[in-house]
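K.L.:
predicted structure and sequence below. I'll ask about it afterward.
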Amino acid sequence: MALNVVAINSRVPMCAMHGSCSKHSYRWENWIKPMRDGVDITVLQDDVNVDFWKQAGHGLSFHDDLLVYDRCGHLFLHLCTGGMMGTCPQMGVKMSVPSDL
């Protein structure tokens, strides 16, 4: 069995969602580098032109969600997250498996 895992970093830092970014928040070493250094998997950087999370979420604001696709590219499972920024409350569902990071 082969398993391919990719992490997709948000197009803006988390502080942007809370309106608390400083002028240094958007620097590569403060935002993207910690994500790349913190995992041992491929990390892709989303940007305004692609906006992957908007495409994948159909308007939901994603935060630490886990999306599982089959080999044909069809969504197999979406583990939503709870809390104030989570997608479970946005969709009106409860987490079936805790996926909050």
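P.N.:
Sure, I can see it.

K.L.:
okay, now the unreliable bits of the protein?
P.N.:
1, 57-59, 63, 97-101 (pLDDT under 70).

K.L.:
beyond the top helix by length along it, next helix or strand please.
P.N.:
Among the segments of the chain that qualify as a helix by DSSP state H, the longest is helix 28-38. Next helix or strand after helix 28-38 toward the C-terminus (DSSP states H and E): strand 42-45.

K.L.:
that next one pairs with which strands?
P.N.:
strand 6-9 (parallel) (DSSP bridges).

K.L.:
CA atoms of the helix or strand just after the strand it pairs with as PDB?
P.N.:
Helices and strands here follow DSSP H and E; after strand 6-9, the next one along the chain is helix 14-18. The C-alpha trace of helix 14-18 is given here as PDB (Å, rounded to 0.1, in the frame of the first residue of the first chain):
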ATOM      1  CA  MET A  14      -2.900  32.300  11.200                       C
ATOM      2  CA  CYS A  15      -2.600  35.800  12.800                       C
ATOM      3  CA  ALA A  16      -4.300  37.300   9.700                       C
ATOM      4  CA  MET A  17      -7.500  35.400  10.600                       C
ATOM      5  CA  HIS A  18      -7.500  37.000  14.000                       C
END
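
K.L.:
got a list of contacts for helix 14-18?
P.N.:
Helix 14-18 has contacts (Cβ atoms under 8 Å, 6 or more residues apart in numbering) with 21, 22, 25, 61, 63, 85. C-betas here are computed from N, CA, C, even on glycine.

K.L.:
redo those as a markdown table? Include secondary structure and distance to residue 44.
P.N.:
Listed next are the contacts of helix 14-18 as a markdown table, based on DSSP: H, G, I helix; E, B strand; the rest coil; distance: Cβ to Cβ, whole Å:
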| residue | secondary structure | distance to residue 44 |
| --- | --- | --- |
| 21 | coil | 22 |
| 22 | coil | 25 |
| 25 | coil | 20 |
| 61 | coil | 19 |
| 63 | coil | 17 |
| 85 | coil | 21 |
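
K.L.:
could I get these as JSON lines with distance to residue 91 and neighbour count?
P.N.:
Output for the contacts of helix 14-18, formatted as JSON lines (distance: Cβ to Cβ, whole Å; neighbours: other Cβ atoms under 10 Å):
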{"residue": "21", "distance to residue 91": "27", "neighbour count": "16"}
{"residue": "22", "distance to residue 91": "32", "neighbour count": "10"}
{"residue": "25", "distance to residue 91": "29", "neighbour count": "14"}
{"residue": "61", "distance to residue 91": "11", "neighbour count": "14"}
{"residue": "63", "distance to residue 91": "13", "neighbour count": "20"}
{"residue": "85", "distance to residue 91": "13", "neighbour count": "16"}
